[in-house]
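Trainee: Structure of the sequence below:
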Amino acid sequence: MIKPKALSEVLASACTGGVTSALLVHSDGSLLAYAGPSERDAHVHGAIAANAWSVYDKNGTPMVSMLVQIEDGAVFTARVTPVLALCLVAGADVELGVLRQKGLALREYLEGPLKQL
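Mentor: Now for the predicted structure:
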């Protein structure tokens, strides 16, 4: 069983090197856990990620991961379980490859424990 505090600590460990927020989002857009400066921003990023995820699923192509450049940085999203996704939000100074690798490593770390939920 995953403890909420431990999950938040794991997400917070990703918030280094220009990554400003890390969140775990349900496919319906609800926020399961987050680490970052603003809960409001976490809800916004989570809703956007869930919306993009639903577009993939409606087209019959299950989302595995996506990397989107935004005005002031980038957002990496990766499916962790059939209903949960990990999102990492980074500033413009973070290289996209580094953000992707950090996200994939964190997804792999969380995958086993979260599949038990």
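Trainee: helices or strands next to the helix or strand hosting residue 104 in the packing?
Mentor: If you go by DSSP states H and E, residue 104 is part of helix 96-115. Applying 3 or more C-beta pairs under 8 Å, 6 or more residues apart in numbering; DSSP states H and E, we find helix 96-115 packed against helix 4-13, strand 19-26, strand 65-70, strand 73-81, strand 84-91. Quick note: C-beta positions are derived from backbone N, CA and C, even for glycine.
Trainee: and it, which residues are buried?
Mentor: For helix 96-115, burial by neighbour count (16 or more other C-beta atoms under 10 Å) applies to 99-100, 102-103, 106-107, 110, 114.
Trainee: Just the angle for that helix relative to strand 19-26, thanks.
Mentor: Per axes from the mean of the first three to the mean of the last three C-alpha atoms, to 10 degrees, the angle that helix 96-115 makes with strand 19-26 is 40 degrees.
Trainee: follow-up on the earlier one: adding pLDDT as columns, could you present the buried residues of helix 96-115 in a markdown table?
Mentor: A markdown table is the format used below for these (pLDDT from 0 to 100):
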| residue | pLDDT |
| --- | --- |
| 99 | 96 |
| 100 | 96 |
| 102 | 96 |
| 103 | 96 |
| 106 | 96 |
| 107 | 95 |
| 110 | 93 |
| 114 | 85 |
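Trainee: Just the closest of those to residue 6, please.
Mentor: The shortest approach to residue 6 among the buried residues of helix 96-115 belongs to residue 110, at 10.9 Å (C-beta to C-beta).
Trainee: Spatially, what comes nearest to residue 65 if we skip its sequence neighbours?
Mentor: residue 78 (4.0 Å; C-beta to C-beta, 6 or more residues apart in numbering).
Trainee: Can you tell me how far that neighbour is from residue 67?
Mentor: The gap separating residue 78 from residue 67 is 9 Å, by C-beta to C-beta, to the nearest Å.
Trainee: rewinding a little: in TSV: the buried residues of helix 96-115, plus distance to residue 22.
Mentor: Putting these into TSV (distance: C-beta to C-beta, whole Å) gives the following:
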residue	distance to residue 22
99	11
100	14
102	9
103	9
106	7
107	11
110	10
114	14
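Trainee: between the residues you listed, which is nearest residue 35?
Mentor: Out of those, the member with the shortest distance to residue 35 (by C-beta to C-beta) is residue 106, at 11.0 Å.
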